[in-house]
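Participant: Sequence and predicted structure are below.
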Amino acid sequence: MKINRILVSQPKPSNDKSPYYDIAARHDVEIVFRPFIKVEPLTAKEFRQQKISIPDFTAIIFTAKTAIDSFFKICEEMRISIPDTMKYFCTTEAIALYLQKYTVYRKRKIFHGSNGKLDDPVLMQYINKHSKETFLYAVSDVHKDEHNALDDIKLKYTKAVMYRTVSNDFTPEEAFDYDMLMFFSPAGIDSLLKNFPDFDQKEIRIGCFGAATAKAVTDAGLRLDFSAPNPKTPSMTAALDLYLTENNQ
């Protein structure tokens, strides 16, 4: 079966320079961007169940813009005023700059890494320098509990769940007539089965990114047609391009 319509379970790119658009033109396919999951902040009532007092902290670590939105929404609901002395540590400059939506950007209180990872040497250097602060680490409900870079430097910190991943449900009016589905997290597979409990894959191709997502596909009894990253296709767009080149003639 020729592939004509592809669903990419991510938000639509913010500009027209995305490789997906080149792929669509080169292979004469339609690519639709429609997330299977969405992120929403916890309510103040839900946050209180963790018995964490935000005013007790003097520094906070953010790894996503969603974490920033959730943190300040919770503070607003709980009528917590954040002092100007609060220090913020972010995994990228883009996340750090996003803080301008809520607070005055001052280099003396906002620090960021460069590679987007918590163990970024630059970010770790900043955190080490301010290790006497009382750190709050904002995470999602699906965060990984294993040992991380903060444990490596023996930093005293408190992990606080501030947002969660939920299914972005399809409406009865939405046509689900795709020849290919592309997933980027196990939560996307969960959402697919929640929305379509009688889903029958038949000739629909499935591609995914990451080992955990690949396992979720096969654990659900579905056929995985291609995945990334690997030495040949390090990105999802590279994997899609190769698959279409080899299978959509």
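Facilitator: Yes, it's here.
Participant: For the spatially most central residue of the chain, which residues are in contact?
Facilitator: Centroid-nearest residue in the chain, with C-alpha atoms, centre = their mean: Ala64, separated by 7.6 Å. The contact partners of Ala64, by C-beta atoms under 8 Å, 6 or more residues apart in numbering, come to 95, 140. (Glycine included, C-beta is placed from N, CA and C.)
Participant: all helices for this protein, in order.
Facilitator: For the chain, applying DSSP state H gives helices covering 19-27, 44-48, 65-77, 93-98, 121-129, 149-152, 186-195, 211-219, 236-247.
Participant: circling back: could you measure from the residue nearest to the centre of the chain over to Thr92?
Facilitator: To Thr92, Ala64 is 9 Å away according to C-beta to C-beta, to the nearest Å.
Participant: where does the protein have low pLDDT?
Facilitator: For the chain, the stretches flagged by pLDDT under 70 are 144-147, 249.
Participant: List the strands paired with the longest strand anywhere in it, with their directions.
Facilitator: Of all the elements of type strand in the chain, the one with the most residues (DSSP state E) is strand 157-167. Applying DSSP bridges, strand 157-167 is found paired with strand 37-41 (antiparallel), strand 135-140 (parallel).
Participant: For Lys109, which non-adjacent residue is closest in space?
Facilitator: Lys87 (5.0 Å; C-beta to C-beta, 6 or more residues apart in numbering).
Participant: one step back: out of the strands paired with strand 157-167, which comes closest to Lys215?
Facilitator: Across the strands paired with strand 157-167, Lys215 has its closest neighbour in strand 37-41 (17.1 Å, C-beta to C-beta).
Participant: So which bits of the closest one are buried?
Facilitator: Neighbour-count burial for strand 37-41 flags 37, 39, 41 (criterion: 16 or more other C-beta atoms under 10 Å).
Participant: Now stretch 101-111: buried residues?
Facilitator: Neighbour-count burial for stretch 101-111 [16+ other C-beta under 10 Å]: 109-111.
Participant: So which of those residues belong to strands?
Facilitator: Among these, DSSP E puts 110-111 in strands.
Participant: Could you dump the buried residues of stretch 101-111 into a markdown table and include distance to Ala220?
Facilitator: Converted to a markdown table, the buried residues of stretch 101-111 look like this (distance: C-beta to C-beta, whole Å):
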| residue | distance to Ala220 |
| --- | --- |
| Lys109 | 45 |
| Ile110 | 42 |
| Phe111 | 41 |
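Participant: From Phe71, how far out is the residue nearest to Leu136 when sequence neighbours are not counted?
Facilitator: Leaving aside its sequence neighbours, Leu136 sits nearest to Phe57 (C-beta to C-beta, 6+ apart; 4.1 Å). Remark: distance between Phe57 and Phe71 (C-beta to C-beta) = 11 Å.
Participant: Comparing these two, which residue is more hemmed in?
Facilitator: Just comparing Phe57 and Phe71: by other C-beta atoms under 10 Å the higher neighbour count belongs to Phe71, 24 against 19.
Participant: Looks like the more buried one contacts Ala138 (just checking).
Facilitator: Yes: using C-beta atoms under 8 Å, Phe71 is in contact with Ala138, at 5.4 Å.
Participant: residues near Glu174, how many?
Facilitator: Per other C-beta under 10 Å, the neighbour tally for Glu174 reads 10.
Participant: Phi, psi for it please.
Facilitator: Main-chain dihedrals, Glu174, degrees, to the nearest 10: phi -80, psi 120.
Participant: Identify whichever of the strands paired with strand 157-167 lies nearest to Asp241.
Facilitator: Closest to Asp241 of these is strand 37-41 (C-beta to C-beta; 24.6 Å).
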